[in-house]
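**Q** Here is a sequence together with a model predicted from it:
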4 protein chains.
Amino acid sequence: MCRWMAWFGQPVLIEELLFKTQHGIVDQSLHARMGAEPTNGDGFGFGWYGAGEGPGVYHSVSPAWGDANLRELAAHIESPLFIAHVRAAIGSPVQQTNCHPFRRGRWLFAHNGYLGGFRDVRRELMLAIDPELFPDVHGSTDTEVVFQLALTFGLEDDPVRALERTVGLIEEVARPHGIEDAVQATFGVSDGESLWAVRYATTGTARSLFASSDVDTIRQLHPGNERFKRMTGDDRVIVSEPFSELPGVWHEIPESSAVHVQRGGVLEHHDFRPRVPAAAGVRDA
Amino acid sequence: MCRWMAWFGQPVLIEELLFKTQHGIVDQSLHARMGAEPTNGDGFGFGWYGAGEGPGVYHSVSPAWGDANLRELAAHIESPLFIAHVRAAIGSPVQQTNCHPFRRGRWLFAHNGYLGGFRDVRRELMLAIDPELFPDVHGSTDTEVVFQLALTFGLEDDPVRALERTVGLIEEVARPHGIEDAVQATFGVSDGESLWAVRYATTGTARSLFASSDVDTIRQLHPGNERFKRMTGDDRVIVSEPFSELPGVWHEIPESSAVHVQRGGVLEHHDFRPRVPAAAGVRDA
Amino acid sequence: MCRWMAWFGQPVLIEELLFKTQHGIVDQSLHARMGAEPTNGDGFGFGWYGAGEGPGVYHSVSPAWGDANLRELAAHIESPLFIAHVRAAIGSPVQQTNCHPFRRGRWLFAHNGYLGGFRDVRRELMLAIDPELFPDVHGSTDTEVVFQLALTFGLEDDPVRALERTVGLIEEVARPHGIEDAVQATFGVSDGESLWAVRYATTGTARSLFASSDVDTIRQLHPGNERFKRMTGDDRVIVSEPFSELPGVWHEIPESSAVHVQRGGVLEHHDFRPRVPAAAGVRDA
Amino acid sequence: MCRWMAWFGQPVLIEELLFKTQHGIVDQSLHARMGAEPTNGDGFGFGWYGAGEGPGVYHSVSPAWGDANLRELAAHIESPLFIAHVRAAIGSPVQQTNCHPFRRGRWLFAHNGYLGGFRDVRRELMLAIDPELFPDVHGSTDTEVVFQLALTFGLEDDPVRALERTVGLIEEVARPHGIEDAVQATFGVSDGESLWAVRYATTGTARSLFASSDVDTIRQLHPGNERFKRMTGDDRVIVSEPFSELPGVWHEIPESSAVHVQRGGVLEHHDFRPRVPAAAGVRDA
C-alpha cells in the first residue's frame, strides 16, 4: 500500500501540492483514509522536470512527515510536472533504491499496489527483462521489475501498450503458480511532455485513482492561494486518494482504464487490456 | 506522544518483549491505541544492562517497525533489565541525539509526554543544569533537559526525589510564562539494580502507565513460550500501554505516584509530590 | 577540519562546481590536500538562492562522495549564489542539525575551523545568545553557537562587524579558561545579495582561503564547458582549498581580513579585528 | 576495496578488536595503508555468534569511524567468533543490503575485492543461483551474488570447495566477455564452529590477508589489556591488513590458498584451485 500524486500544469513550488494542500500526500503518509494501511512511513520520493537534463529524483528512507530536507526541497524547487510517492513496504527493505519514482532517461515511474506472490515469480520476471537493462536493477521491489519490464516492452514508444504487455506477462507467469492476485496497481508514468495514469487489478477492486475535474478544482482546494487564483484551465492533478472531500471536485478513473494528460490540461481516457507479449513464450530460450 | 516499556527479571532476548509479544511496543509504534497519536514513527531506542561497562544504548531515526538492525539486535541481545522507547516527535528534530533512553554512567532515562511551552522555558531550564553537566547536552528535546536537571538535583542518590525537584523547578519556571500544562509525563529510570517509574501531570490526566500484576501475567501474555513457562515470580514489566487487554493482568499506576521495582519482582508504591529545589530561586544569579 | 566553497555569479547548475570541477569540493571530501585531515566524510550541506522564499538548505549525514540525492539535486538545481560545505566532525555528533550551512531568514553561514576548548566555554557562550534566538539552537556544534552569537551582535546589519564582535567575545570568554586557540576560522556568509568571507585565527596560521582571480580563472578550470565560455566577468568563487594548482588562477585571502563580494564580481578587502561587544560584560544580568 | 577482520577464540567485547587495537579495522576505515584506496567509508557491518539463534548482523551506511551505535554495540556485545567489514563502494549503492557480512542460517560471508566487469556478467551469474535462493537476493553487490552462488554450490557442506566452484564458474562466465580480472578476492566464512579464509585473484596479486601467529601476537598487540594477559593459546585473528607493524606477529596467507581455523586456534592450510562446477554448462537449460 502506497500513495502517489502527479502534477502537470503551470510551474509551482512543489510544497504547494505536498504540504500546503489539505490532506495532501505528506498528510496521507501519516493518515491515509482510503487504503488498506493508514501509515505510509517506509520512505518517500519525488521526481520532477525543471532545470538540468531529464528529471531529478529525491529518494528518502525517512517518513515523509519528518524529513527536514523534503520540506526544504519542496519549498525551493519549482516544476510544471512532478510525481511524488509515499511508501508502505510489504516485505522488501526500506532503502533509497526501493523508493519511487523510478527513472530511466527522461522517464519516471510510480506504483501503488503490489504483485501477488512476488517471491515466487521474481526470478522468472527478472529473466524477461532486456539483458541490456538488467544491470540497472538496483533495488528489490516488485515495482522496479515492473518498470524494467515495461521498458523492455516499449514504454518509451507507447507507455500504455507497454504496460498492457507487462501486466499480460506477469499474469501469464503467475498463473501456473496458482497466484490469483497477480497485479494490483495504479501506475503513474511521465516523460516530461505527457503524463499517463493506469488503474488495474487482476482480481477484485483496483486501488483508487482520481483526476481533478477542472481548473476550479484546484482553486477550491486552495482558497487563499494567490498563485492558483491566476490559473488558467491548464492544470491537472492525479491522485491515489483525493486531497479533500469537496463534492464534484474529483472524478474517479474507472478500473481497467488509463488516462493520458497532455499539456494544456487535455485528458484522454483509454481502455487498459493486458496482453501477453509475443516474445514472452520464447524469451530467454 | 511516545511509548515506552521496561523489563526487569530473568535474562531474556529483547525480542521476546519487543516483537514476540502481542501488541508489544514495536506494534505500538505503528498502531498505539491509548495515546493522542496512533503513530510513533520518529525514532526508536533501547538501553540494556548486560556485557560491558554500564548500559548500552541503541538509537535509530528509522521507525521501529522497519528497522532491520533493531530486529537483529533484539534477537541476539539478552538482558535482565532494559528500557525501550518509540518516539512521536513534537517539534524537535528526528535525530539520534533526541532518541530515548538517555544515559549517563550507569543510568538510563525515558519519558512519555512533554513540557508545555518548552520554547519559552528552554533557556531558563538549561541555565539550571549543573555547569559540569551542560556540555553533555547533545540534542534538543525537552526530555534531555529533564534528565540533566534530574542529574543536577541528585538522580544518582534518590531518583524519585530528584524528579520531584525537577518537576517542581519546571512548574516554577513555567508559571510566570502563563504555561498551565508545564509537565505531562511518565518517566522510566534505572541504574541496573532497580527500576523506577513515575506518573504525573501538572494538569489534566497524566499519560497512562501500567505494571504487570504477577508472574502469571507474563505467562498469559506468552502462552506458547517455553522460557516464560519456567519463570519464577521475579519478573516485572512496566508499560505505557498494556500489551493486551487480558483482564486482571495489568494494574494501572495511579497518577502522582511512583513505583520502585527491585530485584525479585518486589514493587513499592510512593507518592510523587513536586517540590521547588532550594537553590532554584538563586541559581544563575 | 572542514572545507567550504561559495559561488556568486551567473546561474549555474550546482554540479558544475561540485562535481564537474577538477578537485572540487566533493573530491575534497575524500582527498583534501591542504587540511589537517584528508577526509571530510562526516556530513555535507549546501544552501542556495533560487526559487521560493529565502535560501533552501540540504543537509546530509552521508559522506558527500556517496550521497545519491546530492548528485541528483546538484544536477537539477540552478542558482546564482550558493555555499557548499563538507564536514569533518571533531567531537560533536554526525547529525543533520550539525551540518553547515546554517540558516536564519535570508542568511546562510558556514565555517571551517573550530573553537578551542569548546566544552569549557559552551555554556557561557550560549548564555550570550539573544534569548529570542536561543530556542532555535537545534544542534550541538561550535559553529551554530558562533552563528547565533553573530546574529545577536548584528549580523543582519553588518556581517563583518558582527563577526568581529563575536570573535572578540569568544576570545574574552576563553581567556580565563587558559584557552589559547580560542578561534580558528574561515567563515562564509550570505544574504542572497552579497557574499562575505572571513579568515582569522586567534593564534597560529588561519585555515586557508582563496578567491578566484577573474573570469579567466573559471574558464581555465572548465576548459570544455560551453556555459562558462559564454561567461562575462561577473563570476566569483571562494574556496577553502583551490580546485586546481593552475598558477595565477587563485589569490589567497590574507589572514585577519575579510572580503565582500557584490553582484558583478566586485570584490572588496577589509581588515578583520576582533572587538569585545559593549554589552558582553553585563549580558544576562 | 574493502577491509575485513575475523576473531575466533575466547569471548571478547567486540570493541577490544574494533576500537582498542592499534590500527584496528575502524581506524582502517579512515586510514587504510595497504589498499588501493585509503578510505573505506561506504558502510560497515559485523556479524557475531552469541545469544539467540545463529549469528546476528549489524549493518550501517554510516562510516564506521562516526557511527555512535557501532561504539555502543561493540562495547556491550561479547562474542567468541565475529567478522567485521568496512566498505569502499565501487559502483553499487551505499545501502544496508549491500553491507557485509551477508548471512544465511548459521553462515556469515565477507569479501574484500571485486568481480571484474560485473555489469556484464551479473545477469548470467544471477541465473546460476539456485532458484530457491534467488528471492533472498536483496542488494546489488557482486559479493552477495558470490555468496548465493557459493550456497548453490554447497557452501554449507564444504565451504572451500564451494568457493572453488563459484570462482570457477565466474571465470568461465567472464572469459567470453574478454574479462581478465574475473575475481579479485579474500573471502571470510563462518558457521559459528569454524572460520575459513580464502585468498585468490584470477590475475595479478590477490588482496592482502594475514593470520595472527600465536597467542603472543595478541598480547603484544594489547600490552595493557588484562583480559588478553590471561589468554590461553586458543585465539586467532584473521585480517585484511595487519593491525600493527610488529615483526613476527603476523604471517601472510599465501595467494591461491585457504586457511581453516578451528576451535583451540588450530589453523590448517589448503590449496585453493578454481574448478568449473559440473552443472554449470547445462544450468538453467
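**A** Thanks, I have it. Numbers count the residues shown, from 1 in each chain, chains lettered A, B, ... in the order given.
**Q** Now do the residue of the stretch 101-250 of chain A found nearest chain B: how many residues are near it, please.
**A** Across the stretch 101-250 of chain A, the shortest distance to chain B (CB to the nearest CB) belongs to A:Ser140, at 12.5 Å. Glycine gets a C-beta too; all of them are placed from N, C-alpha and C. For A:Ser140, the neighbour count with other CB atoms under 10 Å in any protein chain shown is 22.
**Q** Span of stretch A:70-81 from start to end?
**A** From its first residue to its last, stretch A:70-81 covers 17 Å (CA to CA, to the nearest Å).
**Q** Is there proximity between stretch A:134-150 and chain C?
**A** No - judged by CB under 8 Å from any CB of the partner chain, stretch A:134-150 makes no contact with chain C; its nearest approach is 9.6 Å.
**Q** gap between that stretch and the chain center?
**A** The chain centroid and the centroid of stretch A:134-150 are separated by 14 Å, computed with CA atoms, centre = their mean, to the nearest Å.
**Q** looking only at pLDDT, what's the mean for that stretch?
**A** For stretch A:134-150, mean pLDDT rounds to 96.
**Q** wait, does it contact chain D?
**A** Yes - using CB under 8 Å from any CB, stretch A:134-150 reaches chain D at A:134-135, A:137-140.
**Q** and the residues you listed, which of them are in helices?
**A** Within the residues of stretch A:134-150 next to chain D, no residue falls in helices by DSSP state H.
**Q** mind listing the strands for chain A?
**A** For chain A, the strands defined by DSSP state E occupy A:2-13, A:44-49, A:56-60, A:78-87, A:102-104, A:107-115, A:183-190, A:194-201, A:210-212, A:236-239, A:250-252, A:257-262, A:266-271.
**Q** Partner strands of the fifth one and their direction?
**A** Partner strands and pairing direction for strand A:102-104 (DSSP bridges) are strand A:107-115 (antiparallel).
**Q** count of neighbours near A:Val276?
**A** Counted with other CB under 10 Å, the neighbours of A:Val276 add up to 15.
**Q** Alongside chain B, which residues does chain A contribute?
**A** A:30, A:38-39, A:41-42, A:61-63, A:66, A:68, A:89, A:93-94.
**Q** for the spatially closest residue to A:Ala182 that is not a sequence neighbour, what are its contacts?
**A** Nearest non-adjacent residue to A:Ala182, counting by CB to CB, 6 or more residues apart in numbering or on different chains: A:Ala174, 3.7 Å away. Going by CB atoms under 8 Å, 6 or more residues apart in numbering or on different chains, A:Ala174 touches A:115-117, A:121, A:182, A:202.
**Q** cutoff 7 Å now
**A** A:116-117, A:121, A:182 (CB atoms under 7 Å, 6 or more residues apart in numbering or on different chains).
**Q** hang on, the earlier thing: and the strands of chain A as TSV, adding mean neighbour count and mean pLDDT?
**A** Output for the strands of chain A, formatted as TSV (neighbours: other CB atoms under 10 Å in any protein chain shown; pLDDT from 0 to 100):
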stretch	mean neighbour count	mean pLDDT
strand A:2-13	23	92
strand A:44-49	28	96
strand A:56-60	23	97
strand A:78-87	26	95
strand A:102-104	21	98
strand A:107-115	26	96
strand A:183-190	25	97
strand A:194-201	23	98
strand A:210-212	22	90
strand A:236-239	25	91
strand A:250-252	16	87
strand A:257-262	19	96
strand A:266-271	13	93
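**Q** among those strands, which is nearest B:Ser194?
**A** strand A:56-60 (41.2 Å; CB to CB).
**Q** what angle sits between that closest one and strand A:78-87?
**A** Calculated by axes from the mean of the first three to the mean of the last three CA atoms, to 10 degrees, strand A:56-60 forms an angle of 30 degrees with strand A:78-87.
**Q** neighbouring strands for strand A:56-60, and are they parallel or not?
**A** Strand pairing for strand A:56-60, using DSSP bridges, gives strand A:44-49 (antiparallel).
**Q** what residues does the partner strand touch?
**A** Contacts of strand A:44-49 with the rest of the structure, by CB under 7 Å, 6+ apart, involve A:14, A:29, A:55-60, A:64, A:67, A:70, A:77, A:79-87, A:99-101, A:103, A:108, A:192.
**Q** and the end-to-end length of stretch A:4-21?
**A** End to end - CA to CA - stretch A:4-21 spans 14 Å.
**Q** Perfect, that will be all.
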